[in-house]
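Asker: sequence and predicted structure, then a few things I'm wondering about:
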Amino acid sequence: MSESKNNSRWLALLAATLAFTFTFLSRFTWAPLMNTVMGEFSINATQAGLYMSAFFAGYCITQIPGGIMADKLQPKYILIVSTILGGVCTALMSVIPSYSAGLAVRVVNGLCSGVIMSSCSKVVMANFAPKERATGMGILLASPPIGILLANQIAPRLMNVVGWRATFAYVSLFAVLVVLCLFFFVKPTPKAPAPAGKAGLLEGVKAFFQDPQQIILALSGFMFMFVNNGFSTWGNKFAQSMGLTGTQGGAIVSAFSIAGIIASCFSGKVANSLGMDHKKFLLITLGLMGASSLVFGFMGSYVTLILVGILFGAFAYFPSTHYTTLASVRAGDQYGATAISIQNLIFQSASLVQPVIVGGIIDSTNNYTIVWSFFAGVCFLGVIIGCAFRAARKAA
């Protein structure tokens, strides 16, 4: 491979990772601002959690259409348009006149963001050979903790200086950088060879749902994502309930996110060095994720919360690459983006219901130890479901 081509694929990966990162920066900027906005709009924790659910509602709706478009159209232009619209929606959060108006904006923002992951995955597939794809996908899947890290580092500091409304406006400017990188670094993908026979628009969707193993894998991932996003949504508020500041709570979530970034990027290499296949590695790390959640709920100091948060973050992001790789291998390159989008739809539906369920637990018990124990139980259920999965063939 020439040096120029090698550089171009890494630049394409950078642009795709930035695009995916922005969706998480946009959605999780809400978490550190939550307490302040709750006071202004006079809402409870369940209503505040609905702002996260509203985003995920829109996000889930466009997952499958996004996968189909990524397999049939040009991912580059899908990413540019959706990033621009996501930036506009983020900016609109700075001028919402009421709680209900904010819910509507969050739904639309989710709709714009839901098409992004599948197109980013298609960029990785177009630029990385099968044997190298796990590396590219691992870096791409570091986007969630990167976005969460940025949200928890930037939002509290901006809010202290300019207020929560202007914070959303400043965060929206990140979309400009993303669009420029997409325009200059991502090349149009070559068209895939036409399949034998006449392939319908929904063939990839049909193939996914006719494969019981894909369903089993996705259900296990639902449990995984329920807890993964649960920490990102409630970690800061939990810290503040213990008397810590919003900045300290942000530092705990940031420690979680930094560990997640490193874990995601090196997940494939760690599994290979331990001689584990995708299934075994994700089930072990999912179990350790549950154990970390249980321990986290009993920590009582800032230092111990950060230390356990680092372990929690690593175990919370090790499985992602392996879930995605197993799904794409079963689907093949022709329907790879569609399979990833459907899997992500099922994963993100956990993010849709989690804030409401957990917000209800907090409102009724005011006990976060119950929340973290509940998260642990969800992880262990994911392990039990995942044990039933059988890979059709060895993944590269």
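Answerer: Cool, the structure landed.
Asker: could I get the pLDDT score of residue 68?
Answerer: Looking at residue 68, its pLDDT reads 83.
Asker: what's it in contact with, if anything?
Answerer: By CB atoms under 8 Å, 6 or more residues apart in numbering, residue 68 lies in contact with 201-202, 204-205, 338, 341. Placement of C-beta: from N, CA and C, glycine included.
Asker: nearest to residue 322, of those?
Answerer: Among those, residue 341 lies closest to residue 322 (CB to CB), at 17.7 Å.
Asker: where's the residue lying closest to the closest one once chain neighbours are set aside, which helix or strand?
Answerer: Once flanking residues are discounted, residue 341 sits nearest to residue 67: 2.6 Å by CB to CB, 6 or more residues apart in numbering. Following DSSP states H and E, the helix or strand that holds residue 67 is helix 63-72.
Asker: repeat that for residue 353.
Answerer: For residue 353, the host element (DSSP H and E) is helix 336-365.
Asker: so which elements touch the helix or strand that that helix is followed by?
Answerer: Downstream of helix 336-365, the first helix or strand assigned by DSSP H and E is helix 368-386. Counting contacts by 3 or more CB pairs under 8 Å, 6 or more residues apart in numbering; DSSP states H and E, helix 368-386 packs against helix 212-241, helix 278-296, helix 336-365.
Asker: distance to residue 144 and mean pLDDT added to these, as JSON lines?
Answerer: As requested, those are arranged in JSON lines below (distance: least, CB to CB, whole Å; pLDDT from 0 to 100):
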{"stretch": "helix 212-241", "distance to residue 144": "8", "mean pLDDT": "87"}
{"stretch": "helix 278-296", "distance to residue 144": "14", "mean pLDDT": "92"}
{"stretch": "helix 336-365", "distance to residue 144": "10", "mean pLDDT": "82"}
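Asker: CSV for those, including mean neighbour count?
Answerer: What follows is those, written out as CSV (neighbours: other CB atoms under 10 Å):
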stretch, mean neighbour count
helix 212-241, 23
helix 278-296, 22
helix 336-365, 22
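Asker: to residue 303, which of those lies closest?
Answerer: Nearest of those (CB to CB): helix 212-241, 12.1 Å.
Asker: report the distance from stretch 84-91 to the chain centre.
Answerer: In terms of CA atoms, centre = their mean, to the nearest Å, the centre of stretch 84-91 is found 18 Å from the chain centre.
Asker: before we move on, back to that, and the residue nearest to residue 341, what does it touch?
Answerer: 118, 204, 337-342.
Asker: show me what the helix or strand where residue 60 lies is packed up against.
Answerer: Taking DSSP H and E as the definition, residue 60 sits inside helix 45-61. Counting by 3+ CB pairs under 8 Å, 6+ apart, the packing neighbours recorded for helix 45-61 are helix 3-28, helix 30-41, helix 99-113, helix 212-241, helix 336-365.
Asker: how about 6 Å then?
Answerer: Helix 45-61 sits against helix 30-41, helix 99-113, helix 336-365, with contacts defined as 3 or more CB pairs under 6 Å, 6 or more residues apart in numbering; DSSP states H and E.
Asker: what angle do that helix and helix 99-113 make?
Answerer: Going by axes from the mean of the first three to the mean of the last three CA atoms, to 10 degrees, helix 45-61 is angled at 30 degrees with respect to helix 99-113.
Asker: average pLDDT across helix 45-61?
Answerer: Mean pLDDT, helix 45-61: 83.
Asker: how far does stretch 295-308 sit from the chain's center?
Answerer: That offset, for stretch 295-308, works out to 24 Å (CA atoms, centre = their mean).
Asker: cool, stretch 248-262 as well?
Answerer: 15 Å.
Asker: now do that stretch: everything it contacts.
Answerer: 32, 142, 145-146, 148-149, 152-153, 156, 235-236, 239-240, 302, 305-306, 309-310, 312-314, 316-317 (CB atoms under 6 Å, 6 or more residues apart in numbering).
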